[in-house]
Structure formats: structure tokens, C-alpha cells
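*Asks:* sharing a model that was predicted from the sequence below.
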Amino acid sequence: MRYLTAGESHGPQLTLIIEGLPSQLPFSKEKVDEQLKRRQGGYGRGRRMQIESDEVQILSGVRFGKTTGAPVTLVIENKDWTHWKKVMSPHPDEEKAEKRRLSRPRPGHADLNGALKYGHRDLRDVLERSSARETAARVAAGAVARQILELCGIRIAGHVVRIGSVGAERVTDLSVEEIAKRSEASPVRCLDPEAEKRMIELIDETKKEGDTLGGVVEVVLENVPPGLGSHVHWDRKLDARIAQAVMSIQAFKGVEIGIGFEAAERKGSQVHDEILWSEEKGYHRRTNRLGGFEGGMTTGEPIVVRGVMKPIPTLYKPLKSVDIDTREPFEASIERSDNCAVPAASVVAENVVAWEVANALLEKFSSDTADELVREVNRYLQEVKEF
Ligand SMILES: Cc1cc2nc3c(=O)[nH]c(=O)nc-3n(C[C@H](O)[C@H](O)[C@H](O)COP(=O)(O)O)c2cc1C
Ligand SMILES: C=C(O[C@@H]1CC(C(=O)O)=C[C@@H](OP(=O)(O)O)[C@H]1O)C(=O)O
């Protein structure tokens with residue numbers, strides 16, 4: 001399975017094409033729209049989210065609520081486009097473009113590097129595509145992947161474990177269902193009510209100062225069959241693919257699986273998960289410190305992935321930068337922006353991870369039709385139990 005996204009932040013729409021889906025897969029537009037809505041929420045978002053109300057239009061590959069096996073095309077309209085039609089026009093209109101040209105790169109955004117690389121004198125030509133608006137299309141892809149996971153009994157949830165200096169208590173024993181329920185009820189998608197209160201206060205204070213915040217999100221998947229991914233080649237390791245997917249989310253700076261970086265400080269006996277066997281469960285582990293992976297393959301224990309998001313680069317508080325027209329320093333002017341997008345990014349993280357796991361399922365099991373996939377997964381789970 002693969003997908004491509006296209007579209008600018010203030011262009012007419014985002015377009016997503018997914019190729020390689022099984023046929024006869026129940027396809028719910030409502031479930032895709034639900035994920036898009038979740039991504040738009042979360043405390044700390046800017047005014048743009050009041051303009052947009054994301055939903056998909058299905059343009060190909062689905063008939064009467066099921067996939068046909070043909071490429072699925074989904075589009076998401078940018079409602080803000082009506083205000084940007086002239087600025088975003090594909091037609092030559094030099095005079096207007098010159099008036100609205102952006103020449104002041106923001107430290108931390110893609111502006112300057114993109115301009116140098118692609119030879120743009122108007123930084124908007126970089127900003128438009130580097131914007132995290134694109135994550136709406138990636139969430140739509142993940143929402144389709146989730147429909148594959150659901151069919152195979154795999155559950156997924158995400159939550160926020162840190163915003164700036166405020167960290168939540170680590171949870172290790174909650175079911176995915178409980179994580180989903182509790183994060184959904186929190187404006188910052190945090191499971192710890194005490195931390196939630198302090199996170200909201202911190203977002204408010206930081207906004208007043210004209211500054212921004214980052215944080216840490218966690219994604220958990222339950223009921224994952226063992227043996228997804230492979231140890232035999234670097235680019236088939238599923239933990240590595242998940243890391244790439246999470247790192248590719250705008251503003252993400254690091255990924256951990258299980259206890260992650262903490263593993264460096266502990267002795268082996270405090271890291272590796274002892275192997276047990278029982279009639280009821282077959283092979284399983286006493287602990288899950290390695291977050292569901294060994295050798296680039298799933299162990300059958302829950303997958304636990306964390307991602308670190310840096311603070312939003314567009315600041316009201318000016319940082320030093322240089323105008324590309326004059327090469328003179330300037331102080332940033334005020335622009336519309338999110339102040340903290342960590343809760344929204346936790347939804348993006350869930351969905352990009354969902355895609356990678358669904359893709360690994362389709363790689364392992366024959367899956368021209370959805371029924372074939374489910375049959376093969378069940379047969380394999382039985383084999384594993386009898387191993
Ligand atoms: C959900 C989400 C919303 C974001 N909103 C903004 C924003 O409003 N303003 C901004 O400057 N950056 C925002 N970002 C981050 C930038 O898109 C990102 O920092 C930029 O594309 C540069 O890429 P890099 O940080 O990965 O190097 C957001 C990121 C995510 C995931
Ligand atoms: C549009 C979205 O996020 C945008 C991501 C973003 C950036 O620089 O990444 C900058 C802001 O764009 P604007 O300047 O239009 O307000 C965010 O609103 C979205 O998440 O759908």
C-alpha cells in the first residue's frame with residue numbers, strides 16, 4: 001500500500017491517493033471525518049481552525065461503502081482558500097504576486113532552506129507546502145488504514161504525555177480503550193487531570209508572552225500479531241518505519257519505542273522483557289519495556305511509540321532573522337499561528353502509525369480482498385498459538 005498527498009495550505013484543496021487497498025473493505029466516510037475533526041481540535045490551536053471544518057469527498061475507488069481495489073482518491077477542501085485565491089493563483093500575475101511577496105524567513109520553519117534549495121524569492125512558495133495543513137491528508141490516509149486495523153481486531157489510541165515543562169504521570173497498565181476514552185475527554189488529550197490543569201495554564205501564560213510550546217505524545221496499539229516487519233533487511237524493520245513516519249510529522253524532533261532513551265541508563269536485566277508461555281496466551285512477555293518490538297518485528301505485546309514535538313516556530317515574540325531582499329536584520333511581524341499544537345499532533349501521530357502497521361499487515365498476509373486478509377490473520381494467529 002502506498003499514498004501520495006498534494007495540495008498547498010491556502011490552495012483550493014488537499015488531495016490524497018491511496019493505492020493497494022484490499023477490495024471489499026468496508027469504507028466509512030464518517031470514520032475518516034471523525035479523525036479529521038479530532039486533528040482540528042485541542043487546546044492551543046490558532047484561528048485557522050475556526051475557518052476550516054475538514055471532511056473528505058470520495059472521488060474514486062469506493063462504491064456503496066466498500067473499496068473496489070482501485071486507487072482511492074480523497075479530497076479535503078481548504079475553506080480559507082476563498083481569501084487567498086489571488087495570492088495562490090496558478091496563472092501568471094506578476095504585479096499582485098510581487099505585492100504579497102514574503103521575504104522574511106522564520107527561524108525554525110522551512111522558509112529559508114526551502115528558498116535556497118528551490119530558488120524561490122517568495123517564501124510563500126515554501127511555506128504553503130511545508131505547512132502542517134498537509135497532515136489533514138495524512139490523517140485521512142491513517143483513518144483508512146484504521147479501518148483495516150479494526151477489521152483485524154487491532155486497537156489504537158494516542159495521548160499527550162508532556163507539554164513544555166509539564167509532564168504527566170507515566171501510565172503502563174491502561175487498556176487502549178481507556179486511553180482513548182480519557183484522552184478524548186481532555187482538551188489537551190492528557191490522561192492525568194492534575195497535569196492537564198497545569199498544561200492549560202502553561203499554554204495560556206506562554207501565549208500571553210508571545211511564545212510557543214512543544215511536547216511529547218504517545219501512541220499505543222493493542223492486539224497486534226507478532227511477526228509484523230522483518231529482521232532480514234534494514235528497510236523492512238517496522239519499528240524503523242514507524243520512527244520515520246513519526247519523525248516526518250512537521251516539528252517532530254525525536255522518536256522513542258517503549259522506554260526508548262531510558263534504555264541507555266538501565267542494565268540489561270531492567271530492559272529486556274522475559275519470555276513466558278501459557279496455554280491461554282501462548283508466548284508472551286512479563287513486561288513490555290521494549291514497546292512491542294524486537295528485531296524490527298512485533299512481539300505481540302502492545303506497540304508503544306513516543307514522539308517529541310518542538311515548539312511552533314511562528315512566534316509573536318521576535319527572534320533574529322534576516323530579510324532575503326535587503327539582507328538586513330528584522331524583527332518578526334505578528335502572524336496568525338498555533339500556539340501549541342501538541343494535542344492535535346498526537347492525533348496525527350496515531351494516524352501515521354496506524355498507516356505503517358496496516359501496511360505491514362498487508363505485506364505479510366495475502367489481502368486482495370478484506371475477507372482474505374482476515375482469514376489469513378486468524379489462521380496465522382492460530383499457528384502462532386500452536387507453535
Ligand atoms: C498539527 C501541527 C500544527 C502546526 N501549526 C503550526 C503553526 O501554526 N505555525 C507554525 O509556525 N508551525 C506550525 N507547525 C510546525 C511547522 O509546520 C514545522 O515546524 C515546519 O513545517 C518546519 O518543519 P520542521 O519543524 O519539521 O523542521 C505545526 C505542526 C503540526 C504537526
Ligand atoms: C492549517 C493548519 O495548520 C496550520 C499549520 C501551519 C504551519 O506552519 O505548519 C501554520 C498555520 O497556518 P495559517 O497561517 O493558515 O493559520 C496553521 O493553521 C491545519 O492544521 O489544518
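*Replies:* Thanks, I have the structure now. Ligands and ions are numbered 1, 2, ... in the order given.

*Asks:* alpha carbons only for contacts and neighbour counts from here, please
*Replies:* Will do.

*Asks:* the longest helix along the chain near ligand 1 anywhere?
*Replies:* Ranked by number of residues, the top helix in the chain under DSSP state H is helix 342-364. Yes: shown here: helix 342-364 in contact with ligand 1 (CA under 6 Å from any ligand atom) through 344-345.

*Asks:* who in the protein is up against ligand 1?
*Replies:* Near ligand 1, when you scan the chain using CA under 6 Å from any ligand atom, you find 109-110, 130-132, 249-252, 312-314, 337-338, 341, 344-345.

*Asks:* just give the nearest non-adjacent residue to Leu290, would you?
*Replies:* Nearest residue to Leu290, sequence neighbours excluded (CA to CA, 6 or more residues apart in numbering): Gly258, at 4.6 Å.

*Asks:* how close does that neighbour get to Val271?
*Replies:* Noted for Gly258: a distance of 10 Å to Val271, by CA to CA, to the nearest Å.

*Asks:* report the set of residues contacting both of those two.
*Replies:* Counting by CA atoms under 8 Å, 6 or more residues apart in numbering, the residues touching both Gly258 and Val271 are 289-290.

*Asks:* neighbour-wise, which of the two wins?
*Replies:* Higher neighbour count among Gly258 and Val271: Gly258, with 22 against 19, using other CA atoms under 10 Å.

*Asks:* so what's whatever residue of the stretch 251-387 of the chain ends up closest to ligand 1 up against?
*Replies:* Across the stretch 251-387 of the chain, no residue is closer to ligand 1 than Ala251, which sits at 3.1 Å (CA to the nearest ligand atom). The neighbourhood of Ala251, defined by CA under 8 Å, 6+ apart, consists of 309-312.

*Asks:* check it and give its pLDDT.
*Replies:* On the pLDDT scale, Ala251 is placed at 98.

*Asks:* which non-adjacent residue is nearest Ile257?
*Replies:* Val305 (4.7 Å).

*Asks:* which one is the closest residue to ligand 2 within the stretch 151-300 of the chain nearest to, not counting chain neighbours?
*Replies:* Closest to ligand 2 within the stretch 151-300 of the chain is Gln250: 6.7 Å, counting by CA to the nearest ligand atom. Excluding its sequence neighbours, the residue lying closest to Gln250 (CA to CA, 6+ apart) is Ala132, at 5.9 Å.

*Asks:* quick check: residues of the stretch 51-200 of the chain near ligand 2?
*Replies:* Contact residues, the stretch 51-200 of the chain versus ligand 2 (CA under 6 Å from any ligand atom): 131-133.

*Asks:* you'd agree Gly215 is up against Ala344?
*Replies:* No: if you go by CA atoms under 8 Å, Gly215 and Ala344 don't touch, sitting 11.3 Å apart.

*Asks:* related to what we said a few turns ago, separate out the buried members of the residues of the chain next to ligand 1.
*Replies:* Neighbour counting with 16 or more other CA atoms under 10 Å marks 109-110, 130, 132, 249-252, 312-314, 337-338, 341, 344-345 as buried within those.

*Asks:* much appreciated, bye for now.
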